[in-house]
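1. Mind folding the following:
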Amino acid sequence: MRAFIAISLPKEVKNYLFDLEKEFSKLPAKFKFVAKKNIHVTLKFIPELNESDALKTRLKTIKFNSFKISLRETGLFPNNKKAHVIWVGLESDNRLKELQQRIDEKLIDLFPDNQEFKSHITLGRIKFIKNIEKFNEGLEKIKVNKLDFTVKEFGLFKSTLTKDGPIYELIEEYKLN
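-> Down below sits the predicted model:
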């Protein structure tokens with residue numbers, strides 16, 4: 001099964017990001033936005049998980065204090081000239097990165113393929129851009145409110161791909177101190 005470890009977002013942050021998606025939809029491009037209920041911060045993607053008990057046991061041993069995080073600017077992967085993904089960055093005085101590294105350390109022998117971590121929230125995939133110059137000009141005009149929220153837990157999620165989009169199911173949640 002496909003799985004991932006992630007931080008769920010508070011309702012007000014999801015609502016704000018969903019409204020922000022409406023602003024992006026005015027740009028000269030075609031998007032496939034992430035459904036509001038599925039917006040999250042991925043800490044680790046697990047392409048194939050055969051048995052989750054060992055993983056759940058290790059995640060339970062992670063001791064970490066809750067921390068504040070805030071939304072930052074928008075960005076594109078891989079870059080502004082060849083954009084495939086639109087995202088909102090996060091700011092957390094390195095606490096988010098520390099949590100992600102702690103998770104990686106606990107799971108390194110189970111999942112040695114370590115992906116480089118870039119703290120962000122994926123808002124959508126870009127299918128095509130009609131006019132790259134106008135797209136980039138419009139993107140620069142969209143400002144992100146620095147919404148703050150506290151991260152109090154992270155979770156292990158199952159991801160099932162369907163023709164209507166992914167379905168995410170929380171397997172287990174891990175509280176922070």
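
2. Lys97: what secondary structure?
-> helix (DSSP: H, G, I helix; E, B strand; the rest coil).

3. any idea how far it lies from Val144?
-> With distances taken as C-beta to C-beta, to the nearest Å, Lys97 is found 20 Å from Val144. Just so you know, the C-beta spots here come from the backbone N, C-alpha and C atoms, and that holds for glycine as well.

4. cool, Leu90 as well?
-> From Leu90 to Val144 the distance is 10 Å (C-beta to C-beta).

5. Same check on Thr42?
-> 19 Å.

6. Give me the most central residue, the protein.
-> Per C-alpha atoms, centre = their mean, the C-alpha nearest to the average position across the chain is that of Val41, at 2.9 Å.

7. In contact with that residue, which residues?
-> 6-7, 9, 90, 96, 119-121 (C-beta atoms under 8 Å, 6 or more residues apart in numbering).

8. ok, 6 Å please
-> By C-beta atoms under 6 Å, 6 or more residues apart in numbering, the contact list for Val41 reads 6-7, 121.

9. That one pairs with what?
-> Ile7 (DSSP bridges).

10. How about Leu90?
-> Where Leu90 sits in a bridge, its partners, by DSSP bridges, are Leu71.

11. Counting neighbours, what do you get for it?
-> 18 (other C-beta atoms under 10 Å).

12. Now do stretch 152-161: distance to the chain's middle.
-> 11 Å (C-alpha atoms, centre = their mean, to the nearest Å).

13. which of the residues in that stretch are buried?
-> Across stretch 152-161, burial judged by 16 or more other C-beta atoms under 10 Å covers 154-159.
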